[in-house]
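Enquirer: structure, please.
(one chain, ligands or ions: 1)
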Amino acid sequence: MDKAEVATTSVVRLVLDNFTNIFSLSALFTLIGVWVSYRVLVALYNISPFHPLARFPGPKIAAASYLYEAYYDWILVGRYGRRIRAMHEKYGPIVRINPDELHCSDPHFTDEIYAGPGRIRDKWQHQLNTGGAGPVSVTGFSTVPHELHRLRKSALSHFFSRQQMIKLEGEVLDFAQLTVDKMLQESAGGDPFDVKEAFNCFTADVISQYAFGEPMGFIAQAGWEPNFATWAMAFFKSAYMMRYNAVGRTLAQAIPVMADYLGEDVRNVMRQMTVVIPGYIQKAVDNPDNGRVFADLVQSKMLPPEEMTMYRLSGEGFNFLLAGTETTAATLTVVTYWMLARPAIHRRVMEDLQGLTPSTLKWTELEQRPYLWAVIQESLRMMPGVSHRSARIAREEDLVYRSQDGKTEMVIPRGTPIGMTSIINHWDKDLFPNPDEFIPDRWLVDGLPNYKLQKFLLSFGKGSRSCIGENLAYCEVYLMTALLAMRFIPRARLYETTLDDLTYDHDLIVLQTKKGSISVRVKVE
Ligand code: HEM
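Expert: This is a model prediction of the structure:
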C-alpha cells in the first residue's frame, strides 16, 4: 500500500467509526426521546392557558396536536368535516379544531371571514399542503399572501367576467349539443353509463377550448373514459397524505422525474401537468389569433416576467381543469338525478322553458326562469364543489364575532386561521329546513328568486379568494340543464342508482359518497 492508499483507508475508517458512533442505537433512541419530549411539551403548551387560542372551546385532544385532525382526514380519509360538525353541536358556533385553527358554523359571519379584496385575507399553508408539488403549487389558488394573490388573480379574472362568458356562450352551447348527441347515440343500444363521466368530458373540453384555443377531445373520443377527471382523481386521493406528511411532500418534488415508475393514474396526471398542458399553452402563445386566455395573458404583459414562466402558466392551466371539471360535472349530475327521480321537477322545469328551442338557447334568458334557477341553486347547495373547509387569515385585523341571538361574542385574534365548510353551512336548519331534502321551492318567494338566501350559498366560496370560474360554471350549467330537460330526460331512466350514490359521506377535498365519487347511471330507451 502506498502512502496515499494508507491515508484514504484511514479516512474511510475514521468516517465509518464515527458513523457508527453517531448512529448507534442508543444515540438514535436519545434523538427520538428528545423529539418526543419536545412534541409533548408543545402539546402541553397548546392546551395551556398561555396559548393565544386557549379561551376558544373545543376538544382538548384536537387543540393539543395535529395528530387528531390527521387521524380523521388521513387515516379515516376525509372525515374531519363530520367531526367538526359534531364539535359545533357540542361547543357552539366557533370551535378550535387544531392547535392553530378555528372553525365557524354561523353562515351570518361568512362575509367577515371571506372578505372582499379591500381587506387582507391570506390563505394558510397547512391547508395548501394538499396541493403537493409541481406547477400546481404556484397557482393563484395556492398562493398564501393576499398581495401576491391579488396580482395573480387580477391578471386572469377579466377572462372569466360575465361579459366574456356572454361572448363565449355560443361555443358552450355547441359543446353541450355534441355531448347530448353522444349521450343519446352511444347509449341507444340500452347500455347504461354514468352521466358524470359525460359531464366531465363536456366541462374539460369547454375549459380547454376557452383557455388554450382547442378542446382536449374528450367529447369526440369513443366512450367517456378516461378523461381529465379520471387522472385528477390520483391528485385528490393523495391530498391528505400530502398535508400531514412532510416526507411525502419532499418526495413529491421528485415525482415528475419518477412518474414513469409510479401507478398509471399518477403517471397520467403528471404528464398532463408537465407535458400536455405546457404543450397546449405553447401552441396558444405561438398562435395568438386562436390562443384565448393564455395567448392574451402573455401578450397583455399584465404580469412581471417571473410570473409568466411556462412552469407557472402550466400550473394555472392545470388548475383551471382541476377546479372546473369535476365541480361543474357534479352539479350537472345532481340536476340530472333529480329530474329523472322526480318527474314533477322535470315537468316544472319544462314549463319554465316554454317557448324556447334547443338550438337557440341563451344563458342570460335561462337565468330569468325562476324554477330552473331554484333547481340549480338547490343542486349547488347539496353538491358544493369543494366540501372541505377553507381557512382565511385576517393578518391585520381582529375579527369580532357576535351570534344572532346576542348571547356569544368572541374576538378572533389577527393572524388566526379561521374557516367554514360548505357542507355545514348548507345544512343550517334555520336557513334550510329539512336540509337532507331536495326542495327547489325553498329558493322561491311568491314564485320569484330569493336572492337574499343565495347570499348564504358557499358553493363558489366568497370574497377575494372565491371561484374565478363562477360565470363559466353557471353558463355551462344553465345551457346543459335546459338541453338535458328538452332532449335527454324524456328518453332516459335511472339505472341501479339511489340517493346514496349522491349523498355526502366524506371528502377528498371534493365530495365523496360511501362508494367514492358521485355517480348517476342511466339507460336511454
Ligand atoms: C359548479 C362549479 C364550480 C364550483 C362549485 C367551484 C367552486 C370553487 C370554490 C369553492 C373555490 C374556492 C376554493 C377555496 O376557498 O380555496 C374555487 C376556486 C377556484 N375555481 Fe372554481 N368552482 C367551479 C367551477 C370552476 C370553473 C368552471 C373554473 C374554470 C376556470 C374554476 C376555477 C377556479 C379557480 C382558478 C379557483 C381559484 C381562485 C383563486 O383562489 O384565485 N372553477 N372554485
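Enquirer: chain center to the helix or strand hosting residue 150: distance?
Expert: Residue 150 is part of helix 146-157 when elements are defined by DSSP states H and E. Distance, stretch centre to chain centre, for helix 146-157: 18 Å (CA atoms, centre = their mean, to the nearest Å).
Enquirer: and for stretch 417-431?
Expert: Put simply, stretch 417-431 sits 16 Å off its chain's centre (CA atoms, centre = their mean).
Enquirer: cool, and stretch 440-456?
Expert: How far stretch 440-456 lies from its chain's middle: 25 Å, per CA atoms, centre = their mean.
Enquirer: low-confidence ranges in this structure?
Expert: For the chain, the stretches with pLDDT under 70 are 1-23, 132, 253-263, 291.
Enquirer: residues of it that sit close to the ligand?
Expert: By the rule CB under 6 Å from any ligand atom, the part of the chain lying against the ligand is 140-141, 153, 207, 319-320, 323-324, 327-328, 331, 384-386, 390, 459-461, 465-469, 472-473. For every residue, glycine as well, the C-beta is placed using N, CA and C.
Enquirer: can you tell me which of those are in strands?
Expert: Secondary structure defined by DSSP state E assigns residue 390 of the residues of the chain next to the ligand to strands.
Enquirer: what sits up against the helix holding residue 150?
Expert: Residues outside helix 146-157 that contact it (CB atoms under 8 Å, 6 or more residues apart in numbering): 117, 120-123, 139-140, 143, 293, 297, 300, 302-303, 307, 316, 395, 464-465, 468.
Enquirer: apply 7 Å and report the result again.
Expert: 117, 120-122, 140, 143, 297, 302-303, 307, 316, 465, 468 (CB atoms under 7 Å, 6 or more residues apart in numbering).
Enquirer: which is the next helix or strand following it?
Expert: helix 162-186.
Enquirer: who wins for neighbours among the contacts of helix 146-157?
Expert: residue 316 (25 neighbours; other CB atoms under 10 Å).
Enquirer: what sits against residue 284?
Expert: Applying CB under 7 Å, 6+ apart to residue 284 gives the contacts 212, 213, 291, 292, 294, 295.
Enquirer: pretty sure the first one contacts residue 278?
Expert: Right, residue 212. No - counting by CB atoms under 7 Å, residue 212 does not reach residue 278; the two are 10.5 Å apart.
Enquirer: what about whichever residue of the stretch 151-300 of the chain sits closest to the ligand, neighbour count?
Expert: Nearest to the ligand in the stretch 151-300 of the chain, going by CB to the nearest ligand atom, is residue 153, at a distance of 4.3 Å. Residues near residue 153, counting by other CB under 10 Å, number 18.
Enquirer: quick check: it vs residue 137, distance?
Expert: Distance, residue 153 to residue 137, using CB to CB, to the nearest Å: 16 Å.
Enquirer: for the spatially most central residue of the chain, give the beta-bridge partners.
Expert: A centroid search over the chain (CA atoms, centre = their mean) returns residue 386, at 4.3 Å, as the residue closest to the centre. In this entry, residue 386 is beta-bridged to residue 510, by DSSP bridges.
Enquirer: ok, now which ones touch it?
Expert: Residue 386 sits in contact with 422, 509, 510, where contact means CB under 7 Å, 6+ apart.
Enquirer: which one of these is nearest residue 168?
Expert: Nearest to residue 168 among those: residue 510, at 24.7 Å, using CB to CB.
Enquirer: picking that back up, which of the contacts of residue 284 are buried?
Expert: 212, 213, 291, 292, 294, 295 (16 or more other CB atoms under 10 Å).
Enquirer: tell me the one among those residues nearest to residue 370.
Expert: Nearest member of those to residue 370, counting by CB to CB, is residue 292, at 33.6 Å.
Enquirer: now the closest residue to the ligand within the chain: how far from residue 211?
Expert: Proximity of the chain to the ligand (CB to the nearest ligand atom) peaks at residue 469, 2.2 Å away. Distance, residue 469 to residue 211, using CB to CB: 10 Å.
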